[in-house]
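Participant: Sharing a model prediction with you, sequence too.
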Amino acid sequence: MTFLRITAEHPHLATIQTWYETSFPANERRRFDALRQLLPYSDMHLCALIDEDRLVGFIIYWQWPSVVFVEHFAIDPTLRGNQLGQRALDELLRIDSLYFILEVELPQDDIGRRRIQFYERQGFSLNPFPYAQPPYEVGNPPIPMHLLSIPIMPSQDEFDTISVLIKERIYERFYH
């Protein structure tokens, strides 16, 4: 599995846009034109996931000195169940970082429960502190979610510090 970082217009963006818009509800993602504007930012990584010379998915993550935050991650729907997601996360976890963090929906249905179980099988732990995904646009409400991490955050203070980092550097930083 190879991560092909995209920092400017690229032929894979059309397919990634389709997966992005069909895999995530509108209130849990940016407009794709707004995402394109973030491609040059050094801390934002939009990577095409390449396996055997073909595009199989994408991952969007943010990297800072002690935190890697996965904002969005999806595998081609026709290829799910082939361990591509597991292999992509294995590759991500090779990055030198104190924490790997991602947001996940509350487990209100089978899909939500299976998603959490998938990440737990990859070594992520559900942090027991309340969290809400900040809105992507001013005026929209936050969305109750969970933060999963490797390793689990040891305290409410650590959790709060990282939650503020995510809010400021991923969401509020790009409000229009």
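Facilitator: Sure thing, it's come through. Residues are numbered from 1 along each chain as shown.
Participant: Go through the lowest-mean-pLDDT helix or strand in the chain and flag the buried ones.
Facilitator: Using mean pLDDT, DSSP states H and E, the weakest-scoring helix or strand in the chain turns out to be helix 110-121, at a mean of 92. Within helix 110-121, the residues that count as buried by 16 or more other CB atoms under 10 Å are Ile116, Tyr119. C-beta coordinates here come from the backbone N, C-alpha and C atoms, glycine included.
Participant: Tell me how far that helix lies from the chain's centre.
Facilitator: The chain centre lies 15 Å from the centre of helix 110-121; the measure is CA atoms, centre = their mean, to the nearest Å.
Participant: Against which helices or strands is it packed?
Facilitator: Secondary-structure packing of helix 110-121 (3 or more CB pairs under 8 Å, 6 or more residues apart in numbering; DSSP states H and E): strand 99-105, strand 143-150.
Participant: Residues in contact with it: which ones?
Facilitator: With contacts defined as CB atoms under 8 Å, 6 or more residues apart in numbering, helix 110-121 is touched by Gly85, Gln86, Leu102, Val104, Glu105, Leu106, Pro107, Leu126, His146, Leu148.
Participant: ditto for stretch 21-29
Facilitator: Outside stretch 21-29, the residues within contact range by CB under 8 Å, 6+ apart are Tyr20, Phe32, Leu35, His72, Ala74, Pro77, Gln133, Pro135, Tyr136, Asn140, Ile143.
Participant: how about 7 Å then?
Facilitator: Tyr20, Phe32, His72, Ala74, Gln133, Tyr136, Asn140, Ile143 (CB atoms under 7 Å, 6 or more residues apart in numbering).
Participant: Which pair in the contacts of helix 110-121 has the greatest spatial separation?
Facilitator: Greatest spatial distance among these (CB to CB): Gln86 and Leu106, at 23.1 Å.
Participant: helix/strand/coil for the residue most central in space within the chain?
Facilitator: Centroid-nearest residue in the chain, with CA atoms, centre = their mean: Glu71, separated by 2.4 Å. Three-state assignment for Glu71 (DSSP: H, G, I helix; E, B strand; the rest coil): strand.
Participant: follow-up on the earlier one: can I get the buried part of the contacts of helix 110-121 as one ChimeraX selection?
Facilitator: A single ChimeraX command suffices to select whichever of those are buried according to 16+ other CB under 10 Å:
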select :85,102,104,105,146,148
